[in-house]
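S.K.: One predicted model, sequence on top.
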Amino acid sequence: MYAIILAGGLGTRLRSVVSDLPKCMAPVNGKPFLGFVINHLQDQGITDFVFSVGYIHEAIVDFIRKDFSNVSYQFSIEDEPLGTGGAIRLACEKTNLKTVIVCNGDTLFKVNLSKVVSFHDMCGADCTLALKRMVRFDRYGVVDLNPDYSIKSFKEKQWYDEGLINGGVYALHAGKFLNENLPQKFSFEKEYLEKYFDKRRMYGVVQNEYFIDIGIPEDYKRAQTELAG
């Protein structure tokens, strides 16, 4: 299986604790966070990687070449910020597979990828989202599902007592996605998922596995105690 890892995040909210590094390279117990993401994907059967990079991409290139020299990988380098959607499309052009896994380099969601991909293929989906059930939160929007697990709606960020959030891991039909009439620069979440969920075959799979997003200092600090080096 192929995985596209979005690794171009600026990490502006982490500047107080991590400076001059892409967000996914923030050290956790002496190891770049990206390494935990790669290790989990390898454990789930991923054999080939495309790293979508931009900001200070040299640090990521050096890290992969040094610590993951035995991995099959390519780099998709943005000359200018393309948004998550543009970055994914550019990276998809480097694969020749129908289905690819897409995830964020600054989020570790330990999903069972075989279950996600099996459901994705069974449904003939354009895109399948791995969803995480959360309680008492306001940092994320909520995804509602129909009885057949197709996407019913996306709700904006606000306070929720409980709900399903988009965990940032997708099984994506790369060919169909590349054929969409989308701008060069766009948000995958806003201008693809939220715009087309009721016009394309999009589904959600609930995975109640470990989840952490290091995008804010509090959760970055939590990662230091929850993830072994």
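M.R.: Sure, I can see it.

S.K.: Show the contacting residues for Leu145.
M.R.: Residues touching Leu145, when contacts are defined by Cβ atoms under 8 Å, 6 or more residues apart in numbering, comprise 131, 151-152, 164, 203-204. Any C-beta I mention is one placed from the backbone N, CA and C, and that applies to glycine too.

S.K.: I meant Leu131, not that one.
M.R.: 143, 145, 164-167, 204-207.

S.K.: after the helix or strand where it lies, next one along is what?
M.R.: Taking DSSP states H and E as the criterion, Leu131 maps to strand 127-137. Past strand 127-137, further along toward the C-terminus, the next helix or strand under DSSP H and E is strand 142-145.

S.K.: what's downstream of that following strand, the next helix or strand?
M.R.: In the C-terminal direction, the helix or strand that comes right after strand 142-145 (DSSP H and E) is strand 151-155.

S.K.: Return the angle between stretch directions for that following strand and strand 127-137.
M.R.: Our comparison of strand 151-155 with strand 127-137, counting by axes from the mean of the first three to the mean of the last three Cα atoms, to 10 degrees, yields an angle of 40 degrees.

S.K.: Measure how far strand 151-155 is from the centre of its chain, please.
M.R.: Averaged C-alpha coordinates place strand 151-155 at 18 Å from its chain's average position (Cα atoms, centre = their mean, to the nearest Å).

S.K.: Against which helices or strands is it packed?
M.R.: Contact partners of strand 151-155 among helices and strands, from 3 or more Cβ pairs under 8 Å, 6 or more residues apart in numbering; DSSP states H and E: strand 142-145, strand 202-206.

S.K.: The most far-flung residue of the chain relative to its centre: what's it in contact with?
M.R.: Computed with Cα atoms, centre = their mean, the maximum C-alpha offset from the centroid of the chain is found at Pro147, amounting to 25.0 Å. Under the criterion of Cβ under 8 Å, 6+ apart, the contact list for Pro147 is empty.
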